[in-house]
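S.K.: Sequence and predicted structure are below.
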Amino acid sequence: MPPKIPETAFAAVRRRPVLWALTAVTVLVLAGLLVLGGNIKRDGGQAGTPQAGTGQSGTGQPGDPPAAAPADDAGYRPAYHLTPDQHWMNDPQRPFFLDGLWHYYYLYNADYPEGNGTEWFHATSTDLVHWKNEGVAIPKFRNGLGDIETGSAVVDTEGTAGFGKGAVIAVLTQQHDGVQRQSLFYSTDKGYSFQAYGQNPVMENPGAEHWRDPRIIRDEATNQWLMLLAEGHKIGFYTSKDLKQWTYVSGFEQEGLGILECPDFFQMDVDGDPAKRTWVLAASANGSGEGRTTGVAYWTGSFDGKAFTPDGGHQWLDGGPDFYAAVTWDDPRLDDAQRKASRHAIGWMNNWTYARQLPTGDWYGSASVVRDIRLASDGGRPALVSSPTAALQSLEGEPVQVPGGSIGDGLALPVPDSGAFKADVELDRPADGTGEARLLLQSGGTTYATVGYDFAAGRAFVDRGGDAAAGGSGLADRADARGEYRQARSVDARPAGDSVRLTVYVDRSSVEVFVDGQALTSLVFPPAGPREVRLAADGAVSLRHGTVTPLAGIR
């Protein structure tokens, strides 16, 4: 939801050198090709984008690893995360695939910070890594019902809404004078522009304070549309045949997690077994009562076409402070078993407690990298496990090996000046089961963030207490925000073997950590100065293997 709603502020606000032996004509030709390639990349990275995990270019020919992101880009703007060109972004809207492109929308405020109200900004991608900003698809304040807030876009393959087969239908929240209603917009140009339905709103508010964020899926078992609405401490379930007339059928209530927002609902196969197919209900929530911050909670259970019944309490999709309003989706090009075995997910990389006090300058907000999620039991209760999506391999340059052995007094890692890289470290468990390893992210001689693993506790953690935001002026007058920002965050991660592997994606203002299927997503703002990374340890922790891989930019 957009930043204007105060009730939700706490619940939600090298290349290789060319050979000198070439002739002058050849040099000129190559130079022209390099310029052309650079123009293609600046135009959005769609043409010639490497295919995920193949090591080949978009033409199918073997390609060199991509160049690292430029080191001279100023500021905190990420190299490989989607951000608005300027102004404000927040909630992602679930992508859909149509005619060879992923279509993705995010809430955008071109008037921030002077003006209020969000609209839907459109971005497209062929690989869920390289994004092209297309412009505003649904502008705000046009129909007298308020701005354009979170909702769902679906491809109406059979034309059930009456706007033709294949029309893109968006059902979303509009808010006017504090009243939240659901409106319908339709697109007949494949999602690039939308028209307002003439009889909006399609759902009038029944008198509820919180009544927003419609999530719509197609329930093939009952041949109808299913909608979930965030209704305070409840998720409401509604059904429809035509995306216009909706009938309330049940509610899922949950206390202790603040105001629920941005629901999600999908089926997955536990351990990839279709005989263990189950439903997952998710919602963005407030975990302060559990020593957490805001994030994405989820439940597994059953669904009878009307009501969801959980099989236990909630779990959390990410243990970091900056993964909120997440959406998940599958790939329609895959078969049913593949679609139920794994899904994609992306979240808003921010936190309402301090989102407006961060030192990013003329842009605010970014999206996480796309990750893949599975439902695994590991012999116990099913839980969602996360890993970076394979398509991110298309950004990888030449990895630099870090020799194994005792960490001792510390090891310096060879990181690129760009500040955009992936670090993989595999740590051997000490014989006594205790000890701690820490990846120290440093800038100008200051450790601004620490990624670590505590063997005794079996926990991975991120601490950003030394970064530019933690000690900056933006949070100086906000004791609550400063405390929330400076608090270290951790997840339980106890791999079954005798080693632990940390995969750490570092960008110019973020860290995303993956360990044993768990994730920690965190904004970080390094102070000025040269970038360095050191691996340190307490106890007899040794490095089995390590690599540092530079990552290319997507802008």
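M.R.: Nice, thanks for sending it over. Numbering: from 1, shown residues only.

S.K.: When you work out contacts or count neighbours from here on, use the C-alpha atoms and nothing else.
M.R.: Noted.

S.K.: Tell me if R482 really is in a helix.
M.R.: Yes. Secondary structure assignment (DSSP: H, G, I helix; E, B strand; the rest coil) places R482 inside a helix.

S.K.: Please name the nearest non-neighbouring residue to it.
M.R.: Spatially, and ignoring its direct neighbours in sequence, R482 is nearest to L475 (5.4 Å; C-alpha to C-alpha, 6 or more residues apart in numbering).

S.K.: Verify the contact between that neighbour and E484 for me.
M.R.: No. Taking C-alpha atoms under 8 Å as the definition, L475 is not a contact partner of E484, at 10.3 Å.

S.K.: So K340 lies in a helix, does it not?
M.R.: Yes. Under three-state DSSP, K340 sits within a helix.

S.K.: quick thing: my sequence starts at 59, can you match it?
M.R.: Taking 59 as the first residue, the last one we looked at is K398.

S.K.: Quick one: end-to-end length of stretch 184-202, please.
M.R.: Terminal residues of stretch 184-202 lie 36 Å apart, using C-alpha to C-alpha, to the nearest Å.

S.K.: Which positions in it come out as buried?
M.R.: Within stretch 184-202, the residues scored as buried using 16 or more other C-alpha atoms under 10 Å are 184-191, 194-199.

S.K.: Quick check: beta-bridge partners of Q576?
M.R.: V573 (DSSP bridges).

S.K.: one step back: which one among the buried residues of stretch 184-202 gets closest to F243?
M.R.: Using C-alpha to C-alpha, I196 is the member of the buried residues of stretch 184-202 that sits closest to F243, with 8.2 Å.

S.K.: Who are the contact partners of that closest one?
M.R.: Applying C-alpha atoms under 8 Å, 6 or more residues apart in numbering, we find I196 in contact with E177, W178, F179, I206, S251, F252, Q253.

S.K.: With Q144 as the reference, measure out to it.
M.R.: Taking C-alpha to C-alpha, one finds I196 at 18 Å from Q144.

S.K.: what does I612 give?
M.R.: Applying C-alpha to C-alpha to I612 and Q144 gives a distance of 16 Å.

S.K.: These two: which is more packed in?
M.R.: Just comparing I612 and Q144: by other C-alpha atoms under 10 Å the higher neighbour count belongs to I612, 20 against 15.

S.K.: didn't that one look like it was pressed against P136?
M.R.: No. If you go by C-alpha under 8 Å, I612 and P136 don't touch, sitting 9.1 Å apart.

S.K.: And A413, its phi and psi?
M.R.: Per-residue torsions, A413: phi -60, psi -30 (degrees, to the nearest 10).

S.K.: Around it, how many other residues sit close by?
M.R.: Per other C-alpha under 10 Å, the neighbour tally for A413 reads 18.

S.K.: On the pLDDT front, check it for me.
M.R.: With respect to pLDDT, A413 has a value of 96.

S.K.: same thing with E65?
M.R.: We have a pLDDT of 39 for E65.

S.K.: Same check on the one 3 residues further on?
M.R.: The predicted local confidence for F68 comes out at a pLDDT of 36.

S.K.: is it true that G347 lies in a helix?
M.R.: Yes. With three-state DSSP as the criterion, G347 is assigned to a helix.

S.K.: ok, it touching E313?
M.R.: No. Assessed by C-alpha under 8 Å, G347 is found out of contact with E313, at 10.8 Å.

S.K.: What segments of the stretch 359-508 of the chain are helices?
M.R.: Assigned by DSSP state H, counting those that start in this stretch, the stretch 359-508 of the chain shows helices spanning 394-399.

S.K.: quick one: low-confidence parts of it?
M.R.: Of all residues in the stretch 359-508 of the chain, none has pLDDT under 70.

S.K.: how close does G202 sit to S241?
M.R.: 11 Å.

S.K.: Check L339 too.
M.R.: In this view, L339 and S241 are 23 Å apart by C-alpha to C-alpha.

S.K.: Can you tell me who the closest residue to M261 other than its chain neighbours pairs with across the strands?
M.R.: Distances taken as C-alpha to C-alpha, 6+ apart place Q240 nearest to M261, at 5.0 Å, with adjacent residues excluded. Beta bridges link Q240 to T231, M261, judged by DSSP bridges.

S.K.: Return the helix or strand in this structure with minimum mean pLDDT.
M.R.: Every helix and strand of the chain was ranked by mean pLDDT, DSSP states H and E. The lowest is helix 82-100, at a mean of 35.

S.K.: now Y511: how far from L497?
M.R.: For Y511, the distance to L497 (C-alpha to C-alpha) stands at 9 Å.

S.K.: now swap in M147 and tell me
M.R.: From M147 across to L497, the span is 30 Å (C-alpha to C-alpha).

S.K.: What is the strand or helix carrying P321 packed up against?
M.R.: Remark: P321 resides in strand 319-327, with elements defined by DSSP states H and E. Judged by 3 or more C-alpha pairs under 8 Å, 6 or more residues apart in numbering; DSSP states H and E, strand 319-327 is in contact with strand 270-277, strand 282-288, strand 335-344, strand 382-387, helix 394-399, strand 429-434.

S.K.: Find the nearest non-adjacent residue to A137, please.
M.R.: With sequence-adjacent residues excluded and distances taken as C-alpha to C-alpha, 6+ apart, A137 is closest to G611, at 4.4 Å.

S.K.: from the chain's centre, how far out does stretch 170-179 sit?
M.R.: Centroid displacement of stretch 170-179 relative to its chain, using C-alpha atoms, centre = their mean, to the nearest Å, is 21 Å.

S.K.: That stretch - what's its average pLDDT?
M.R.: Stretch 170-179 shows an average pLDDT of 96 in the prediction.

S.K.: right, and A546 touches D521 too?
M.R.: Yes. The criterion here is C-alpha under 8 Å, and A546 meets it with D521 at 4.4 Å.

S.K.: and the end-to-end length of stretch 590-602?
M.R.: Start-to-end span of stretch 590-602 (C-alpha to C-alpha) is 21 Å.

S.K.: Just the buried positions in it, please.
M.R.: E590, V591, R592, L593, A594, A595, G597, A598, V599, S600, L601, R602.

S.K.: Give me the residues contacting that stretch.
M.R.: With C-alpha under 8 Å, 6+ apart as the criterion, stretch 590-602 contacts 461-473, 483-488, 492-501.

S.K.: Buried ones among these?
M.R.: Burial by neighbour count, 16+ other C-alpha under 10 Å: within the contacts of stretch 590-602 this picks out 465, 468-469, 471-473, 483-488, 492-501.

S.K.: Strands of the stretch 409-558 of the chain, start to end?
M.R.: 421-422, 429-434, 441-446, 458-460, 463-464, 469-471, 479-486, 494-501, 504-512, 517-521, 547-550, 557-565 (DSSP state E, counting those that start in this stretch).

S.K.: Now tabulate those in TSV and tack on distance to D538.
M.R.: Output for those, formatted as TSV (distance: least, C-alpha to C-alpha, whole Å):
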stretch	distance to D538
strand 421-422	20
strand 429-434	30
strand 441-446	30
strand 458-460	40
strand 463-464	41
strand 469-471	35
strand 479-486	32
strand 494-501	25
strand 504-512	20
strand 517-521	17
strand 547-550	16
strand 557-565	26
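
S.K.: Q257 is nearest to which of those strands?
M.R.: strand 421-422 (34.4 Å).

S.K.: Could you name the helices and strands sitting against the closest one?
M.R.: When contacts are defined as 3+ C-alpha pairs under 8 Å, 6+ apart, strand 421-422 sits against strand 145-156.

S.K.: who does the strand it packs on touch, helix- and strand-wise?
M.R.: Checking 3+ C-alpha pairs under 8 Å, 6+ apart, strand 145-156 ends up next to strand 159-167, strand 209-214, strand 382-387, strand 401-406, strand 421-422.

S.K.: Name the residues that touch that strand?
M.R.: The contact list for strand 145-156 (C-alpha under 8 Å, 6+ apart) reads 59-60, 141, 160-171, 208-213, 248, 382-387, 389-390, 404-406, 420-425.
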